[in-house]
Each structure stands twice: as C-alpha cells, then as structure tokens.
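In: could you work out the structure for the sequence below:
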Amino acid sequence: MYDYIGKLNNTFYFANSSQPRIAVYLPQTSKNDAIIDSGASHHTLRDDAPVDNKQTTHDKKLVGTPTGNTMLSNAHALLKHNLPRDAREAHTYPGLTYLSLLSVGQLCDAGYRVIFDE
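Out: Alright, predicted model coming up:
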C-alpha cells in the first residue's frame, strides 16, 4: 500500500516504508477521453465531459478516489451515444480532473456484453 504525497502538474507522488518515493506521470487528456472501468458502479464523468440533458441532482453519488479522498456528484446527465437510456445515465463530478470512467457493470446491466481480449 502506498500513501499519496501530492501532485505537481501531471505527476502524482506516492511513498511507503520500502520505497520512499515513486512518481506516476499521467499525460494530458481531453474532456472527451474516458477509461472503461470494471470496478466502477456507474458512469463517473468529468464535469466538463460532453453530455446531453445535464441537470443538477439531489440524488448525489459519493465515490472514492485512489488517493483516499471522496467526491460528490453535482449533476445527472446522459452520455452522448446512441445507446438505451439506462446505458447512458451518468453522474458528473466537479473534482474529477483526469479521465471519465465508463462502467462495465452498468453497460452489462443494460444488456451489453463486454469482452476483454489481448
């Protein structure tokens, strides 16, 4: 387990007792980029992600981050894709600054099959 030390530009710093410091560089990304995530319970989007029908919501979702912090969603929206509504529903997070996450579980619950291959 590593403890989060901090971030400078796009480099995240972590440490533990056996390795005093490691750095993870994350390249610049676009608001249109996303990661397909088998651990995400729902689509988790950057606040500036391109979406349809974005509305402030009282049904806020709380998510944990790799650094141990949490973020609270500020809006409900629909992905800009030609998919059924339940596969498009998402929440936006103002604190998410790297990449949006597309939930494998949510896509499978909507009737899609996701295959990971080489």
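
In: quick check: mean pLDDT of the top helix by length along the chain?
Out: Taking DSSP state H as the criterion, the chain has its longest helix at helix 104-109. What helix 104-109 shows for mean pLDDT is 93.

In: then stretch 43-51?
Out: Stretch 43-51 comes out at a mean pLDDT of 92.

In: if I look at the closest residue to residue 94 other than its chain neighbours, how far off is residue 34?
Out: Nearest-residue entry for residue 94: residue 47, 4.4 Å, with adjacent residues in sequence omitted and distances by Cβ to Cβ, 6 or more residues apart in numbering. (C-beta placed from N, C-alpha, C; glycine too.) In this view, residue 47 and residue 34 are 14 Å apart by Cβ to Cβ, to the nearest Å.

In: the most centrally placed residue in the chain pairs with what?
Out: For the chain, the residue nearest the mean C-alpha position is residue 101 (3.4 Å; Cα atoms, centre = their mean). Taking DSSP bridges, one obtains residue 35, residue 44 as the residues bridged to residue 101.

In: residues contacting it?
Out: Residues near residue 101 by Cβ atoms under 8 Å, 6 or more residues apart in numbering: 34, 35, 36, 37, 40, 43, 44, 45.
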